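With the input below, show me the fold.
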Amino acid sequence: MKVYNTKTRSLENFKPLKDKEVKVYHCGPTVYNHAHIWNLKTYVWNDMIVRVLRFLGYKVNVLMNLTDIDDKTIRDSIKAWEKLEDFTKKYTKFFLEDIEKLNIVKANNIVPISEVIPEMVRMINTLLRRKIAYLSDDWSIYYNIKKFSKYWRLAHLDMSWMKESVRINNDEYDKENASDFALWKSWNKKEDSDIFWEEEFEVPSNEKDDIKKIKIKWRPGWHIECSACNMKYHWQQIDVHTWWIDNLFPHHQNELAQTEACTRKEFSKYWMHHGHLTVDGKKMSKSEKNFYTLKDLEQKFKKINKSVLYRWIRLNFINWKYRDSIDLSFSKLEQMFNTIINIDETLRLVDREIKKWQHKFSWISVDFREYTQEIIQEYTMHLEDDFNIPEYETIIRLL
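Model (predicted):
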(Lines give C-alpha, C1' and ligand atoms only; values in the text may rest on other atoms or scores of the structure.)
Protein backbone atom coordinates (compact mmCIF):
# COMPACT_ATOMS: atom_id res chain seq x y z
CA MET A 1 0.00 0.00 0.00
CA LYS A 2 1.21 3.51 -0.86
CA VAL A 3 0.20 6.84 0.67
CA TYR A 4 1.17 10.41 -0.16
CA ASN A 5 3.13 11.89 2.75
CA THR A 6 2.97 15.70 2.94
CA LYS A 7 6.20 15.72 4.93
CA THR A 8 8.23 14.20 2.09
CA ARG A 9 5.96 15.38 -0.76
CA SER A 10 6.05 11.86 -2.18
CA LEU A 11 4.26 8.51 -2.32
CA GLU A 12 5.62 6.11 0.29
CA ASN A 13 5.06 2.50 1.20
CA PHE A 14 2.72 2.39 4.19
CA LYS A 15 4.28 0.65 7.17
CA PRO A 16 2.81 1.29 10.63
CA LEU A 17 5.02 1.74 13.66
CA LYS A 18 3.73 -1.54 15.11
CA ASP A 19 2.67 -4.47 12.92
CA LYS A 20 -0.95 -3.99 11.78
CA GLU A 21 -1.85 -1.43 14.44
CA VAL A 22 -2.44 2.13 13.21
CA LYS A 23 -2.83 5.21 15.41
CA VAL A 24 -4.71 8.00 13.61
CA TYR A 25 -5.33 11.57 14.72
CA HIS A 26 -7.86 13.99 13.21
CA CYS A 27 -7.93 17.68 14.12
CA GLY A 28 -11.47 18.24 15.36
CA PRO A 29 -13.81 21.23 15.02
CA THR A 30 -13.92 24.40 17.06
CA VAL A 31 -17.33 24.00 18.67
CA TYR A 32 -18.68 27.54 18.52
CA ASN A 33 -21.02 27.11 15.53
CA HIS A 34 -22.35 24.49 13.14
CA ALA A 35 -19.70 22.71 11.07
CA HIS A 36 -19.63 23.99 7.47
CA ILE A 37 -19.50 21.65 4.50
CA TRP A 38 -15.76 22.08 3.99
CA ASN A 39 -15.35 20.71 7.52
CA LEU A 40 -17.72 17.89 6.67
CA LYS A 41 -15.91 17.07 3.42
CA THR A 42 -12.76 16.55 5.46
CA TYR A 43 -14.52 14.36 8.02
CA VAL A 44 -16.08 12.23 5.26
CA TRP A 45 -12.65 11.62 3.75
CA ASN A 46 -11.08 10.95 7.15
CA ASP A 47 -13.80 8.36 7.59
CA MET A 48 -13.03 6.80 4.19
CA ILE A 49 -9.32 6.56 5.04
CA VAL A 50 -10.09 4.79 8.31
CA ARG A 51 -12.63 2.48 6.65
CA VAL A 52 -10.13 1.52 3.95
CA LEU A 53 -7.40 0.80 6.49
CA ARG A 54 -9.78 -1.41 8.45
CA PHE A 55 -10.94 -3.12 5.24
CA LEU A 56 -7.30 -3.91 4.48
CA GLY A 57 -6.90 -5.62 7.82
CA TYR A 58 -5.37 -2.90 10.00
CA LYS A 59 -6.47 -2.37 13.59
CA VAL A 60 -7.11 1.38 13.64
CA ASN A 61 -7.37 3.50 16.79
CA VAL A 62 -8.77 6.95 15.95
CA LEU A 63 -8.45 10.05 18.13
CA MET A 64 -10.06 13.44 17.52
CA ASN A 65 -10.08 16.58 19.65
CA LEU A 66 -12.80 19.19 20.09
CA THR A 67 -11.59 22.77 20.52
CA ASP A 68 -13.83 24.07 23.29
CA ILE A 69 -11.35 26.68 24.54
CA ASP A 70 -10.23 29.44 22.18
CA ASP A 71 -11.00 33.06 21.32
CA LYS A 72 -14.11 32.17 19.29
CA THR A 73 -15.74 29.84 21.83
CA ILE A 74 -15.11 32.30 24.67
CA ARG A 75 -16.26 35.32 22.62
CA ASP A 76 -19.47 33.74 21.30
CA SER A 77 -20.46 32.11 24.60
CA ILE A 78 -20.33 35.57 26.20
CA LYS A 79 -22.44 37.02 23.38
CA ALA A 80 -24.97 34.23 23.87
CA TRP A 81 -25.03 34.80 27.66
CA GLU A 82 -24.22 31.13 28.18
CA LYS A 83 -21.63 29.35 30.27
CA LEU A 84 -18.70 28.27 28.10
CA GLU A 85 -19.24 24.61 28.98
CA ASP A 86 -22.95 24.70 28.10
CA PHE A 87 -22.28 26.65 24.91
CA THR A 88 -19.63 24.27 23.58
CA LYS A 89 -21.58 21.15 24.59
CA LYS A 90 -24.50 22.44 22.52
CA TYR A 91 -22.41 22.76 19.37
CA THR A 92 -20.63 19.49 20.09
CA LYS A 93 -24.05 17.82 20.03
CA PHE A 94 -24.85 19.45 16.66
CA PHE A 95 -21.53 18.27 15.25
CA LEU A 96 -21.98 14.69 16.40
CA GLU A 97 -25.47 14.67 14.86
CA ASP A 98 -24.05 15.91 11.54
CA ILE A 99 -21.39 13.22 11.31
CA GLU A 100 -23.96 10.56 12.18
CA LYS A 101 -26.21 11.77 9.35
CA LEU A 102 -23.29 11.42 6.93
CA ASN A 103 -22.62 7.88 8.16
CA ILE A 104 -19.21 8.82 9.57
CA VAL A 105 -17.95 6.30 12.11
CA LYS A 106 -17.11 8.10 15.35
CA ALA A 107 -13.51 8.16 16.52
CA ASN A 108 -12.54 5.78 19.32
CA ASN A 109 -11.90 8.84 21.49
CA ILE A 110 -13.38 12.32 20.97
CA VAL A 111 -11.74 14.64 23.47
CA PRO A 112 -12.65 18.24 24.46
CA ILE A 113 -9.34 20.01 24.96
CA SER A 114 -10.56 21.33 28.30
CA GLU A 115 -9.98 17.76 29.55
CA VAL A 116 -6.28 17.73 28.70
CA ILE A 117 -5.11 20.92 30.42
CA PRO A 118 -2.78 18.94 32.77
CA GLU A 119 -1.06 17.34 29.75
CA MET A 120 -0.60 20.77 28.16
CA VAL A 121 0.97 22.15 31.33
CA ARG A 122 3.37 19.20 31.57
CA MET A 123 4.47 19.63 27.97
CA ILE A 124 4.94 23.39 28.37
CA ASN A 125 7.01 22.83 31.52
CA THR A 126 9.20 20.34 29.65
CA LEU A 127 9.80 22.94 26.95
CA LEU A 128 10.55 25.59 29.56
CA ARG A 129 13.11 23.38 31.33
CA ARG A 130 14.82 22.70 28.00
CA LYS A 131 14.76 26.46 27.25
CA ILE A 132 12.86 25.89 24.02
CA ALA A 133 9.97 27.88 25.51
CA TYR A 134 10.29 31.17 27.40
CA LEU A 135 8.28 33.57 29.52
CA SER A 136 7.76 36.89 27.72
CA ASP A 137 7.41 40.35 29.14
CA ASP A 138 3.61 40.12 28.82
CA TRP A 139 3.68 36.94 30.95
CA SER A 140 2.65 34.69 28.10
CA ILE A 141 4.76 31.61 27.33
CA TYR A 142 6.12 31.30 23.80
CA TYR A 143 7.83 28.59 21.79
CA ASN A 144 11.20 29.71 20.41
CA ILE A 145 11.26 28.27 16.89
CA LYS A 146 14.96 29.14 16.52
CA LYS A 147 15.67 26.45 19.13
CA PHE A 148 14.13 23.71 16.95
CA SER A 149 16.46 23.13 14.02
CA LYS A 150 13.89 21.14 12.01
CA TYR A 151 11.08 23.66 12.36
CA TRP A 152 10.82 24.00 8.57
CA ARG A 153 10.54 20.26 7.92
CA LEU A 154 6.80 19.74 7.46
CA ALA A 155 5.78 23.02 5.80
CA HIS A 156 9.08 23.27 3.84
CA LEU A 157 9.68 26.85 4.98
CA ASP A 158 12.60 29.04 4.00
CA MET A 159 13.96 30.17 7.36
CA SER A 160 16.71 32.44 6.05
CA TRP A 161 14.56 35.58 5.99
CA MET A 162 13.18 35.27 9.52
CA LYS A 163 13.49 38.11 11.99
CA GLU A 164 14.70 37.60 15.54
CA SER A 165 12.36 37.85 18.54
CA VAL A 166 9.12 38.12 16.57
CA ARG A 167 6.15 36.78 18.52
CA ILE A 168 2.61 35.90 17.47
CA ASN A 169 -0.09 35.79 20.13
CA ASN A 170 -2.99 34.98 17.80
CA ASP A 171 -3.82 31.31 17.33
CA GLU A 172 -4.45 31.62 13.61
CA TYR A 173 -2.03 33.93 11.86
CA ASP A 174 -1.00 34.85 8.34
CA LYS A 175 0.61 32.29 6.10
CA GLU A 176 4.34 32.62 5.56
CA ASN A 177 4.67 34.36 8.92
CA ALA A 178 6.97 31.99 10.77
CA SER A 179 7.32 33.38 14.30
CA ASP A 180 7.47 32.35 17.94
CA PHE A 181 3.96 31.25 18.91
CA ALA A 182 2.04 31.26 22.19
CA LEU A 183 1.85 28.06 24.23
CA TRP A 184 0.04 29.71 27.12
CA LYS A 185 -1.60 33.14 26.96
CA SER A 186 -1.70 35.40 29.97
CA TRP A 187 -4.69 37.49 31.01
CA ASN A 188 -3.56 41.08 30.82
CA LYS A 189 -5.91 42.90 28.47
CA LYS A 190 -9.14 44.72 29.14
CA GLU A 191 -10.90 42.78 26.38
CA ASP A 192 -10.04 39.39 27.89
CA SER A 193 -12.99 37.73 29.59
CA ASP A 194 -13.44 36.46 33.13
CA ILE A 195 -13.26 32.90 31.77
CA PHE A 196 -9.79 31.63 32.62
CA TRP A 197 -7.58 28.80 33.84
CA GLU A 198 -4.76 29.43 36.29
CA GLU A 199 -1.88 26.93 36.08
CA GLU A 200 1.59 26.66 37.60
CA PHE A 201 4.63 26.77 35.35
CA GLU A 202 8.32 26.13 36.02
CA VAL A 203 10.34 28.99 34.56
CA PRO A 204 14.17 28.78 34.57
CA SER A 205 16.00 31.77 35.99
CA ASN A 206 18.01 33.84 33.54
CA GLU A 207 21.00 34.00 35.90
CA LYS A 208 21.13 30.45 37.23
CA ASP A 209 19.61 27.06 36.55
CA ASP A 210 17.13 27.69 39.35
CA ILE A 211 13.44 27.13 38.62
CA LYS A 212 10.79 29.65 39.58
CA LYS A 213 7.27 28.31 39.95
CA ILE A 214 4.76 30.90 38.87
CA LYS A 215 1.04 30.82 38.25
CA ILE A 216 -0.27 32.29 35.01
CA LYS A 217 -3.94 33.05 34.48
CA TRP A 218 -5.86 32.66 31.25
CA ARG A 219 -5.74 29.91 28.64
CA PRO A 220 -3.64 27.62 26.41
CA GLY A 221 -2.71 28.44 22.83
CA TRP A 222 -4.37 26.56 19.99
CA HIS A 223 -1.42 24.46 18.82
CA ILE A 224 -0.52 22.80 22.12
CA GLU A 225 -3.96 21.20 22.46
CA CYS A 226 -3.44 18.62 19.69
CA SER A 227 -0.03 17.68 21.03
CA ALA A 228 -1.49 17.17 24.50
CA CYS A 229 -4.39 15.05 23.19
CA ASN A 230 -2.00 12.75 21.39
CA MET A 231 0.33 12.54 24.36
CA LYS A 232 -2.52 11.42 26.62
CA TYR A 233 -4.24 8.94 24.29
CA HIS A 234 -1.62 7.91 21.67
CA TRP A 235 1.52 8.64 23.70
CA GLN A 236 4.66 9.87 21.91
CA GLN A 237 4.17 8.74 18.31
CA ILE A 238 1.34 8.23 15.85
CA ASP A 239 1.11 6.70 12.40
CA VAL A 240 -1.24 9.07 10.54
CA HIS A 241 -2.19 12.72 11.07
CA THR A 242 -4.94 14.15 8.87
CA TRP A 243 -6.74 17.43 8.20
CA TRP A 244 -7.17 19.98 5.44
CA ILE A 245 -4.26 21.67 3.69
CA ASP A 246 -4.86 25.10 5.28
CA ASN A 247 -3.75 23.70 8.64
CA LEU A 248 -0.34 22.64 7.30
CA PHE A 249 1.05 25.99 8.42
CA PRO A 250 1.11 27.24 11.06
CA HIS A 251 -0.93 24.71 13.05
CA HIS A 252 0.58 21.39 12.03
CA GLN A 253 4.09 22.77 11.76
CA ASN A 254 3.82 24.15 15.29
CA GLU A 255 2.22 20.97 16.57
CA LEU A 256 5.09 18.88 15.19
CA ALA A 257 7.73 21.24 16.58
CA GLN A 258 6.44 21.32 20.15
CA THR A 259 5.73 17.55 20.28
CA GLU A 260 9.11 16.47 18.92
CA ALA A 261 10.92 18.96 21.15
CA CYS A 262 9.25 17.22 24.11
CA THR A 263 9.58 13.58 23.05
CA ARG A 264 12.73 13.78 20.85
CA LYS A 265 11.00 11.31 18.54
CA GLU A 266 9.27 11.59 15.18
CA PHE A 267 5.71 12.68 16.00
CA SER A 268 3.68 11.41 13.02
CA LYS A 269 5.05 9.03 10.42
CA TYR A 270 2.57 10.11 7.73
CA TRP A 271 0.82 13.45 7.24
CA MET A 272 -2.24 13.43 4.98
CA HIS A 273 -3.80 16.74 3.94
CA HIS A 274 -7.12 17.25 2.15
CA GLY A 275 -7.73 19.72 -0.67
CA HIS A 276 -9.99 22.79 -0.77
CA LEU A 277 -13.72 22.93 -1.42
CA THR A 278 -15.54 25.26 -3.80
CA VAL A 279 -19.29 25.58 -4.35
CA ASP A 280 -20.43 25.85 -7.96
CA GLY A 281 -16.91 26.89 -8.92
CA LYS A 282 -16.49 29.64 -6.32
CA LYS A 283 -14.51 29.63 -3.08
CA MET A 284 -16.83 29.12 -0.15
CA SER A 285 -17.32 32.36 1.78
CA LYS A 286 -20.10 34.28 3.46
CA SER A 287 -19.63 37.22 1.09
CA GLU A 288 -20.35 34.93 -1.88
CA LYS A 289 -23.45 33.65 -0.07
CA ASN A 290 -22.31 30.07 -0.63
CA PHE A 291 -21.23 29.31 2.92
CA TYR A 292 -23.29 26.26 3.85
CA THR A 293 -23.77 24.01 6.84
CA LEU A 294 -25.57 20.68 6.67
CA LYS A 295 -28.60 22.39 8.18
CA ASP A 296 -28.53 24.93 5.33
CA LEU A 297 -28.49 22.15 2.72
CA GLU A 298 -31.37 20.37 4.44
CA GLN A 299 -33.37 23.58 4.12
CA LYS A 300 -32.20 24.33 0.55
CA PHE A 301 -33.22 20.85 -0.63
CA LYS A 302 -36.09 20.17 1.75
CA LYS A 303 -38.10 18.42 -0.98
CA ILE A 304 -35.40 15.75 -1.28
CA ASN A 305 -35.50 12.72 0.98
CA LYS A 306 -32.93 13.47 3.69
CA SER A 307 -31.36 10.03 3.47
CA VAL A 308 -30.75 10.56 -0.25
CA LEU A 309 -29.45 14.07 0.40
CA TYR A 310 -26.87 12.88 2.94
CA ARG A 311 -25.69 10.12 0.61
CA TRP A 312 -25.49 12.60 -2.28
CA ILE A 313 -23.24 14.86 -0.20
CA ARG A 314 -21.03 11.92 0.74
CA LEU A 315 -20.89 10.61 -2.84
CA ASN A 316 -20.01 14.08 -4.14
CA PHE A 317 -17.08 14.28 -1.73
CA ILE A 318 -15.63 10.82 -2.40
CA ASN A 319 -16.03 11.23 -6.15
CA TRP A 320 -12.66 13.04 -5.99
CA LYS A 321 -9.33 12.09 -4.47
CA TYR A 322 -8.85 13.39 -0.95
CA ARG A 323 -5.89 15.59 -2.01
CA ASP A 324 -7.87 17.25 -4.81
CA SER A 325 -9.60 20.59 -4.57
CA ILE A 326 -13.20 19.67 -5.28
CA ASP A 327 -16.38 21.44 -6.33
CA LEU A 328 -19.75 20.88 -4.74
CA SER A 329 -21.90 21.47 -7.80
CA PHE A 330 -25.58 22.05 -7.21
CA SER A 331 -26.09 22.22 -10.97
CA LYS A 332 -25.26 18.49 -11.12
CA LEU A 333 -27.49 17.70 -8.19
CA GLU A 334 -30.22 15.86 -10.12
CA GLN A 335 -27.66 13.69 -11.90
CA MET A 336 -26.11 12.65 -8.58
CA PHE A 337 -29.50 11.91 -7.04
CA ASN A 338 -30.33 9.69 -10.02
CA THR A 339 -27.01 7.87 -9.55
CA ILE A 340 -27.94 7.02 -5.96
CA ILE A 341 -31.42 5.88 -7.02
CA ASN A 342 -29.92 3.70 -9.78
CA ILE A 343 -27.43 2.13 -7.36
CA ASP A 344 -30.25 1.30 -4.93
CA GLU A 345 -32.35 -0.19 -7.72
CA THR A 346 -29.47 -2.27 -9.07
CA LEU A 347 -28.64 -3.67 -5.64
CA ARG A 348 -32.30 -4.43 -5.06
CA LEU A 349 -32.50 -6.38 -8.35
CA VAL A 350 -29.26 -8.24 -7.66
CA ASP A 351 -30.48 -9.20 -4.21
CA ARG A 352 -33.78 -10.40 -5.64
CA GLU A 353 -32.10 -12.52 -8.32
CA ILE A 354 -29.66 -14.08 -5.86
CA LYS A 355 -32.51 -15.09 -3.57
CA LYS A 356 -34.49 -16.40 -6.55
CA TRP A 357 -31.82 -18.62 -8.06
CA GLN A 358 -29.37 -19.57 -5.33
CA HIS A 359 -31.21 -22.77 -4.34
CA LYS A 360 -31.84 -23.91 -7.92
CA PHE A 361 -28.57 -23.39 -9.74
CA SER A 362 -25.55 -23.55 -7.47
CA TRP A 363 -23.19 -22.96 -10.42
CA ILE A 364 -24.60 -19.46 -10.87
CA SER A 365 -23.72 -18.66 -7.30
CA VAL A 366 -20.17 -19.98 -7.76
CA ASP A 367 -19.66 -17.96 -10.94
CA PHE A 368 -21.00 -14.87 -9.24
CA ARG A 369 -18.65 -15.32 -6.30
CA GLU A 370 -15.67 -15.69 -8.62
CA TYR A 371 -16.66 -12.61 -10.58
CA THR A 372 -17.16 -10.48 -7.48
CA GLN A 373 -13.83 -11.72 -6.11
CA GLU A 374 -12.13 -10.46 -9.27
CA ILE A 375 -13.79 -7.09 -8.87
CA ILE A 376 -12.86 -6.85 -5.19
CA GLN A 377 -9.22 -7.63 -5.99
CA GLU A 378 -9.09 -4.94 -8.65
CA TYR A 379 -10.82 -2.40 -6.43
CA THR A 380 -8.48 -3.23 -3.54
CA MET A 381 -5.56 -2.46 -5.83
CA HIS A 382 -6.96 1.06 -6.33
CA LEU A 383 -7.57 1.51 -2.61
CA GLU A 384 -3.94 0.65 -1.93
CA ASP A 385 -2.90 3.34 -4.40
CA ASP A 386 -3.19 6.29 -1.98
CA PHE A 387 -6.90 5.63 -1.32
CA ASN A 388 -7.86 6.00 -4.98
CA ILE A 389 -11.59 5.56 -4.30
CA PRO A 390 -12.69 7.69 -7.31
CA GLU A 391 -11.45 4.91 -9.62
CA TYR A 392 -14.96 3.85 -10.58
CA GLU A 393 -14.23 1.46 -13.43
CA THR A 394 -14.70 -1.55 -11.17
CA ILE A 395 -17.89 -0.17 -9.67
CA ILE A 396 -19.33 0.47 -13.14
CA ARG A 397 -18.48 -3.08 -14.14
CA LEU A 398 -20.23 -4.37 -11.05
CA LEU A 399 -23.37 -2.33 -11.73
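
from here on, contacts and neighbour counts on C-alpha atoms
OK.

where do the strands sit along the stretch 1-150 of the chain?
Using DSSP state E, counting those that start in this stretch, the strands of the stretch 1-150 of the chain run over residues 2-5, 10-13, 21-26, 59-66, 109-112, 133-135, 141-143.

Burial-wise, tell me which of those strands comes out on top.
Most buried of the strands of the stretch 1-150 of the chain, by mean neighbour count (mean count of other CA atoms under 10 Å): strand 141-143, with a mean of 26.

average pLDDT across that one?
When pLDDT is averaged along strand 141-143, the result is 95.

Which other helices and strands does the helix or strand following that strand contact?
Later in the chain than strand 141-143, the nearest helix or strand by DSSP states H and E is strand 167-168. On a contact count with 3 or more CA pairs under 8 Å, 6 or more residues apart in numbering; DSSP states H and E, strand 167-168 meets strand 180-186.

Listing partners with orientation, what would you give for the strand it packs on?
strand 141-143 (antiparallel), strand 167-168 (parallel), strand 211-220 (antiparallel) (DSSP bridges).

Tell me the buried residues in the longest one?
When neighbours are counted by 16 or more other CA atoms under 10 Å, the buried residues of strand 211-220 are found to be I216, K217, W218, R219, P220.

For these, please prepare CSV with the additional fields distance to P16 and pLDDT.
Shown next, in CSV, are the buried residues of strand 211-220 (distance: CA to CA, whole Å; pLDDT from 0 to 100):
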residue, distance to P16, pLDDT
I216, 40, 92
K217, 40, 90
W218, 39, 88
R219, 35, 92
P220, 31, 94
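
give me the low-pLDDT residue ranges for this protein?
The model of the chain has pLDDT under 70 over residues 159-165, 172-177, 188-192, 206-208, 286-287, 357-365, 368, 392-399.

one step back: out of the strands of the stretch 1-150 of the chain, the one nearest T380 is which?
strand 2-5 (12.1 Å; CA to CA).

what's in contact with that closest one?
The contact list for strand 2-5 (CA atoms under 8 Å, 6 or more residues apart in numbering) reads S10, L11, E12, N13, F14, Y270, W271, M272, E384, D385, D386, F387.

Distance from the chain centre to that strand, please.
How far strand 2-5 lies from its chain's middle: 17 Å, per CA atoms, centre = their mean, to the nearest Å.

again with stretch 210-225
25 Å.

now do stretch 14-34
7 Å.

Tabulate the strands of the stretch 1-150 of the chain in a markdown table, adding columns for distance to S77.
As requested, those are exported to a markdown table (distance: least, CA to CA, whole Å):
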| stretch | distance to S77 |
| --- | --- |
| strand 2-5 | 38 |
| strand 10-13 | 43 |
| strand 21-26 | 25 |
| strand 59-66 | 16 |
| strand 109-112 | 16 |
| strand 133-135 | 29 |
| strand 141-143 | 25 |
